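[1] pasting the sequence and the predicted model now:
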Amino acid sequence: MAVARGWLTCLALFGLVSAFAGDEEFAAVVPSRPINFPQDFGAHPEFRTEWWYVTGWITDPAGTERGFQVTFFRVGTGLAGDNPSRFAPQQLVLAHGAIADPARGRLLHAERSARADGRLAGADSGATRAWIREWRLAGDGSHYVAHVEDDEFSLDLTLEATQPPMLNGFGGYSRKGPDPAGASYYYSQPQLTVAGQVRLGDRKFPVRGRAWLDHEWSSAYLPPGARGWDWIGINFDGGGALMAFRMRDSAGRAVWAGATLREADGRQRIFGPAEIRFRPGRPWTSPRTGSTYPVTWTVEVGHGPDLRRFDLQPMMDDQELDSRTSTGTIYWEGAVRCLEQGSERGKGYLELTGYDSDLAL
């Protein structure tokens with residue numbers, strides 16, 4: 001999952017709000033459609049929203065750990081469908097990049113947005129290739145390259161798959177609420193190896209680490225009554241992985257939830273809403289936006305003798321990303337450690353949306 005609030009805000013940036021089309025202009029997510037590789041590594045412009053979302057932990061030669069994020073969004077506007085011009089505003093591409101650096105004590109982040117004209121910006125079908133000028137994420141499901149460039153930082157990374165894609169939900173059909181029509185197609189690629197170079201200011205250094213890639217597309221995502229969601233993607237040290245999310249109402253109650261647990265030997269289990277509990281812990285309030293986020297969590301999956309309980313601790317508290325000039329949202333996107341029975345089991349990322357205001361997706 002990745003943040004995609006305020007698509008109307010995105011469209012407003014391009015002067016398109018007044019003509020924005022409804023969901024009926026886009027394809028529906030149905031459980032009978034299987035995920036097909038390699039085709040589904042690429043874009044699906046017949047659906048309203050889509051994202052490729054990479055997060056991970058990286059370490060430099062001095063042993064310093066940092067977190068990073070590279071996310072590309074594709075948004076269908078429902079406009080100018082019959083216009084063959086590359087300037088027609090049929091699709092928008094937006095991107096977020098970030099580094100969590102404890103030495104600085106706050107998230108370094110940047111964002112980009114553009115019409116998808118196929119030259120300066122776009123998202124290709126058939127293989128992963130999304131770009132806005134020099135920013136890019138490209139790959140074939142086994143090998144990826146990611147590049148983000150900003151004044152404060154840059155990321156130039158290669159990512160290699162060590163496991164097959166992990167299909168979430170039922171064969172990649174991931175329910176987001178009680179109504180089966182509210183769903184996405186969703187797979188993850190955990191346990192990616194990372195190598196490359198990072199720049200902070202004018203200082204460059206090599207890094208290595210592990211990452212997680214989510215690819216998700218939908219036309220009707222946020223269920224009625226949901227204010228936002230909480231999500232985790234955890235790479236376990238032994239080779240396993242956990243994805244879990246809950247859609248949350250304004251009172252903090254779960255509207256829906258889902259989880260996928262992959263063991264190191266490849267065995268996989270899907271959990272339904274009754275088997276997942278997100279319990280918020282210590283709050284942190286942003287000094288910039290005034291938004292308050294729970295930055296420690298306990299997440300439980302399963303029940304009875306099969307219950308697994310994981311405690312999440314942030315790399316640092318200030319991992320808020322203000323993307324109001326692209327996707328129109330403020331959210332917390334942070335590197336976390338995952339503990340089980342008091343011992344660290346792995347590392348990953350936690351995403352908290354809808355704490356500043358209700359999402360509109």
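    Thanks, I have the structure now.

[2] Ala110 is in contact with Ser154, isn't it?
    No - under the criterion of Cβ atoms under 8 Å, Ala110 makes no contact with Ser154, lying 9.4 Å away. Heads up, the C-betas are built off the backbone N, CA and C, glycines and all.

[3] between the two, what contacts are shared?
    Val148 (Cβ atoms under 8 Å, 6 or more residues apart in numbering).

[4] on the three-state scheme, Gly290 is what?
    coil (DSSP: H, G, I helix; E, B strand; the rest coil).

[5] number of nearby residues for it?
    Using other Cβ atoms under 10 Å, Gly290 is surrounded by 9 other residues.

[6] swap in Thr353?
    28.

[7] swap in Ala195?
    13.

[8] Ile58 versus that one, what's the distance?
    Separation of Ala195 from Ile58 (Cβ to Cβ, to the nearest Å): 9 Å.

[9] again, but for Tyr355
    Applying Cβ to Cβ to Tyr355 and Ile58 gives a distance of 27 Å.

[10] give me the more crowded residue out of the two.
    Higher neighbour count among Tyr355 and Ile58: Ile58, with 24 against 21, using other Cβ under 10 Å.

[11] from Thr49, how far out is that one?
    28 Å.

[12] and if you look at Arg210?
    27 Å.

[13] and the strands in the stretch 51-200 of the chain?
    65-76, 91-101, 106-115, 121-123, 128-132, 135-139, 143-149, 153-160, 166-167, 173-175, 183-200 (DSSP state E, counting those that start in this stretch).

[14] make TSV out of those and add mean pLDDT and distance to Gly240.
    Shown next, in TSV, are these (pLDDT from 0 to 100; distance: least, Cβ to Cβ, whole Å):
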stretch	mean pLDDT	distance to Gly240
strand 65-76	97	20
strand 91-101	96	23
strand 106-115	94	27
strand 121-123	97	31
strand 128-132	98	24
strand 135-139	98	23
strand 143-149	98	21
strand 153-160	98	18
strand 166-167	98	10
strand 173-175	97	20
strand 183-200	98	8
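
[15] Asp202: neighbour count?
    Asp202: 5 neighbours (other Cβ under 10 Å).

[16] one more: Gly201?
    The burial count for Gly201: 10, using other Cβ under 10 Å.

[17] hang on, the earlier thing: quick one: closest of the strands of the stretch 51-200 of the chain to Asp318.
    The stretch from those with the least distance to Asp318 (Cβ to Cβ) is strand 106-115; that distance is 4.4 Å.

[18] let me know the pLDDT of the closest residue to Glu149 other than its chain neighbours.
    Spatial nearest neighbour of Glu149, chain neighbours left out: Glu134 (5.2 Å); criterion: Cβ to Cβ, 6 or more residues apart in numbering. pLDDT, the model's per-residue confidence, is 97 for Glu134.

[19] touching, Glu134 and Asp150? I think so.
    No - with contacts counted by Cβ under 8 Å, Glu134 stays clear of Asp150, the gap being 10.2 Å.

[20] of the two, which one has the most company?
    Between Glu134 and Asp150, counted using other Cβ under 10 Å, Asp150 has the larger neighbour count: 17 against 10.

[21] ok, that one - contacts?
    Contacts of Asp150 by Cβ under 8 Å, 6+ apart are 97, 108, 110.

[22] try Val93
    Contacts of Val93 by Cβ under 8 Å, 6+ apart are 72-75, 113-116, 121-123, 130-132.

[23] Leu213 now?
    Per Cβ under 8 Å, 6+ apart, neighbours of Leu213: 52-54, 144, 159, 188-189, 192.

[24] and those, which is closest to Asp214?
    Tyr53 (4.2 Å).
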